[in-house]
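S.K.: Sequence unavailable; structure follows:
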């Protein structure tokens, strides 16, 4: 490298920023032809339809579980048996009971465990979280995450037995971890209120749900999830704090807009619904959806002997919140989050909402009027009386 | 007019589109100086601090009530007494009981009554509603309206006694009527689930709330209201239907963006929070917020001897929904909407979510794969089994 | 009106803000059936195919010319003859010579004359211009206006003889007046550089052009016009000043977004290209495109005995600029704007670009480094040497 | 890897997608302390203030030139001498003469050469270019690239001798290569028209410029560059084709919006101008600005023994276009692009704009009227007469 200024540093950051030492050495699939095809595409040496053979393969250092929900536990237990590091796609379990068993098993086995929640690794999320941690929004009051699209790709998702649930489990797991991260992963989620319904699809599971998660410090997490949305993959987050707000659109509006009369390429973006008219492609889906940063964290964590940002413990907490959501959708009331294992803060108090103005008053609001004067709205400390005061 | 083509019609639509026959002939205010100032600004002949004198003034044809919530009923009753047409700002009452009394009074008196819910008259709303009515979105599944800002301008808003409530009443009334309009004003709102809290302001009323309103046909209305939002006036609506979606931003992102280092004009837009950096002014607030179209409808309705789009009846329904929201915020469960007066459809059924595919199957989903093939996900009618089918 | 607070003022502004005293009393069209249809739609009493009869009709106070370009002069001359106030659609003439004749004629006749340039009356433009006038952008350096769409509606536009030109004349007239207004209508446009081509349409006139207009104070106006754009009606303006920037999108991105699978209404917006997929309707086209505010200004001006904001003089200046653009497209060099009539400032100097820092230096730039330090870039006054200085 | 479905492929693409085998082994800087600091930050073993020592270092395989413009040639010549692969930051030379010498030297030396034009490697650009190549926009008519900001970071940029020019050279090099790529890198740029001025900064070089580049096939490239823009780093591209359009915003509007009252972090994004109010951070600047994909292409190309997408030849073409721009800014007329070395197509014809409708007519335009009827505008082949036809 010649030159060490601004641009040289950018280059250096980038050159040394990503890694590709990692190789896939074994592929397991339930269907032989599918495994074979994968092996060819990605040049994988060991191909098998025997899950344990893949896990036990001597060249395998870390097992990446990308199986349907109902097979997670079995695969995790085999990793424990063979003492292989394990990283698992989301959600961890079909419910908190399953998740807890997996969590306890990997910890007892003493193996590295990572929870592949990619959406808390998107570049936008990471930057936004930094801003929140730096206090740019003040105290977080509310965080919402929305993930809706026209429905998943594979058949097993639609089978409530195999999947463990509908869009709450499939998509809500993302939303809960995103909002929980903004509010603080050490703040206990206390209770959940959830509406869920099967509005469109001919299935047993819910295809649309909205939930509120109350945290011990009074902050509110919100999720909006659906398999009935028309228009593509809608991934939006919002955070409100006492000093600011953040709006993130991770997919449908990212500064890339295209109109075409219809001679465009066939595959525009994951879950896009059309290929003519106004389209909103995503430049680099892998990066925009957090996969790069997630795997970097996972592999770096392994090498450095530390836990990754997302572990099975996080997967367990998410499952516990979603269990409460399912109970609430039935009971039609707020339901407590049952967290037998809790490693965050205890007994956090909701902060006071009283802002001292002078000896006798609290400040309610300060604003500029039409006429350029400053107006104060005050509340008397003892009488509670509200009054206005115009400053000159 | 010379010429009758495209541009001539546009001109003609516009020339004949607005009206200004209407004049303010009397101004009442509780404070004499305030009334006086108003009279000068708008060239009003009759100025008084006696409400009844203003209402009874012989030149007054229609009384426009722009008073704090706790004075609506008194003013309405005086209009009934003097048989004057009356239009009232939102919310109609502080609760459904008050609203019902006003509704029954104006109907008994046989006077024209209009409910000044401007946000169902914004140009965007009117166009969007047309699209929804034309079926562009298919069946409406969910409609959300969000109105948040840093808090109201006048002292009485912050006094729970005079205002009747906090941001639920102040802002939720807009949101409920907007979402109800999209779902169908003849569809009964059945029950409400609401979270509310006082997170920031030193007041007794709620400064942040989120609510869900379930309608008899299974559709869900949602409101998000707050006096704690930082960033200006956030007015956004979303509608999801089986065939499409609508996103409206009525204030903070309307295609007008400005950066200034800080030497700009003082008053950018209602409830804007700063006057330097990136600003998002609104071209014509009166029009964007629906005032023009609302008054046109009101005055045209009077002249044509018909009811306006929004009457006291609508104000009453809104109050009933909000009452249920307040109850739910306390009971932490869904609460029924008590509508003693209901003039819409009865016993609407939730539509079936079964889409016939062939004799034996329902269609769950149809999509294009990465590889350009069409994939169907089907559900067997009797066994309920989910299967995939690739079409070539 | 009861109440004189914030909302009462909004109501009052709106109630008294628009006018509809104005009526169309006579309609002339070259085709009888077209005139007849128009008369029915707008309830016009006098219907004729004799232009002079319409102008001379005793109930006609003001003549609104909405004719093809080649008929403007004839119509204006008849208005002069009958001493009728006249307002004319854009462009005023097919060239500056025609425009000048019309200007001199109406001034000699002493009749009210208005130039119907609606796009300097859009709510966004009016607000933006206020900000510019208030100094929010500092000194204006560059103003661009873009109007492109897939081509005009009527056949005469495509006939270079009748229209007088292609998209430069049709659309450039808007852009020139918009940018000229931002830069200052009293600043002389000095010279023009223009590229024009017929890239797509089988016509003689240009269907795509880009031009730069240099003003005496060094500011640059830019227009981008085309009849070949695919995607709808693209109306965007940008202004850059020493202290800020403005971006306006008047049509395709106004905070209203809709996705539909295709069962929507047929007519979404002027020049929209599709009715399925993602659509971007405009709430109220008449208002968004400036027609309301334009006619208000015209009629108010007449009543108040003042000139409207846009007169035939402005139309003449625009034509002179466009004439230079056409010459430049042929000569491939900058061409002077020939303004025999000029009523603005004379001999405006380009402002100095030297910012005093201290006795010996000018300030080139001041910025924050990565490391939080303030860095100054200075230029020595006599040696011209550039140096960096880090402040702590 | 367990599982080979959709998500597994995404994971696999990402895991194997990036690389970090590459290490910086030697750092040269003109200032010892700067080199030392760099070496510590990036763990570089060899530190020197002797450029040739760095290049000649035996562990160095490829030399990355990140020096000021006036040192490029010297460094390149040393790479030729030592037969080291070389990649150079933009612009290649200060003018085409310098660039040509470098191009001929590296080719004679037979060394790998890459031109580090990152903005044709941004994820959005790569995806957009794919769409253009796939024909989504039809034939490209116009491509514009805009890069403006408040001015560069280092002192040498402001020195016309060292930098070789102002914002045309600094920013225009990006814009020219972006637009040239959309239009086709094998299409010859024929002539350039450019306006340039020093409007704000007290410097000799231009701080604002707009240019048009005409290509042999009739397409137009446009650049808008400035060091006077206020509002951050404005990076936008637009492409218009006969069948569609693309709008890209690479920095200021990427789906990430934040409002803060001012307690945020200090460094939001490159060249951001404020840290309170509405801010628009970028999630991952390295990726968004193309650095990752650029280095991947460079290193992969070296290993695969192929040329990278951008070579010194491209740098030379860009310099030749910019030279013409500088000449045009002075001559005030279109100036030819002098390309002594040209490796693209020769004698490309501008395509016909005649669309056959029937035996006698060309089709000018087809559209839907207000009333739902289809209207055709036709041109007679021999007479040239324009006519309208309404279809039912």
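M.R.: The structure has been received and is ready for your questions. These figures come from a predicted structure and were not determined experimentally.

S.K.: Is residue A:230 in a helix, a strand, or coil?
M.R.: Recorded secondary structure, residue A:230: coil (DSSP: H, G, I helix; E, B strand; the rest coil).

S.K.: do the same with the one 10 residues further on
M.R.: Put simply, residue A:240 is strand when judged by three-state DSSP.

S.K.: got the contact list for it?
M.R.: Contact analysis of residue A:240 by CB atoms under 8 Å, 6 or more residues apart in numbering or on different chains lists A:137, A:140-143, B:148, B:226, B:228-230. No exception for glycine: its C-beta is placed from N, CA and C like everyone else's.

S.K.: Go through those and flag which are in strands.
M.R.: A:140-143, B:148, B:226 (DSSP state E).

S.K.: quick revisit: cross-check the contacts of residue A:240 against chain C and keep the overlap.
M.R.: Contacts with chain C are made by none of those, judged by CB under 8 Å from any CB of the partner chain.

S.K.: and the stretch 151-300 of chain A, which residues reach chain C?
M.R.: A:230-232, A:259-261, A:273-274, A:276-280.

S.K.: redo that, cut-off 10 Å
M.R.: For the stretch 151-300 of chain A, the residues in contact with chain C (CB under 10 Å from any CB of the partner chain) are A:229-232, A:234, A:252-253, A:257-262, A:272-280.

S.K.: Which of those are buried, as a ChimeraX select command?
M.R.: Buried residues among these (16 or more other CB atoms under 10 Å in any protein chain shown), as a ChimeraX selection:
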select /A:229,230,231,232,234,252,253,257,258,259,260,261,272,273,274,275,276,277,278,279,280
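
S.K.: hang on, residue A:257 packs against residue D:245?
M.R.: Yes - between residue A:257 and residue D:245 there is a contact under CB atoms under 10 Å: 8.4 Å.

S.K.: shared neighbours of these two, which are they?
M.R.: Common contacts of residue A:257 and residue D:245, defined by CB atoms under 10 Å, 6 or more residues apart in numbering or on different chains, comprise A:278, C:231, D:238.

S.K.: got JSON lines for those, with distance to residue B:29 and pLDDT too?
M.R.: Compiled in JSON lines, the shared contacts of residue A:257 and residue D:245 are given as follows (distance: CB to CB, whole Å; pLDDT from 0 to 100):
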{"residue": "A:278", "distance to residue B:29": "50", "pLDDT": "82"}
{"residue": "C:231", "distance to residue B:29": "51", "pLDDT": "87"}
{"residue": "D:238", "distance to residue B:29": "53", "pLDDT": "95"}
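
S.K.: Go through those and say which is closest to residue B:179.
M.R.: Lowest distance from residue B:179 to these (CB to CB) belongs to residue A:278, with 26.0 Å.

S.K.: Name the nearest residue to that closest one, sequence neighbours excluded.
M.R.: Leaving aside its chain neighbours, residue A:278 sits nearest to residue C:278 (4.2 Å; criterion: CB to CB, 6 or more residues apart in numbering or on different chains).

S.K.: Between the two ends of stretch A:221-238, how far is it?
M.R.: 10 Å (CA to CA, to the nearest Å).

S.K.: got it, and stretch A:220-237?
M.R.: End-to-end distance (CA to CA), stretch A:220-237: 13 Å.

S.K.: Buried residues of stretch A:158-165, list them for me.
M.R.: Buried, per 16+ other CB under 10 Å, within stretch A:158-165: A:158-160, A:162-165.
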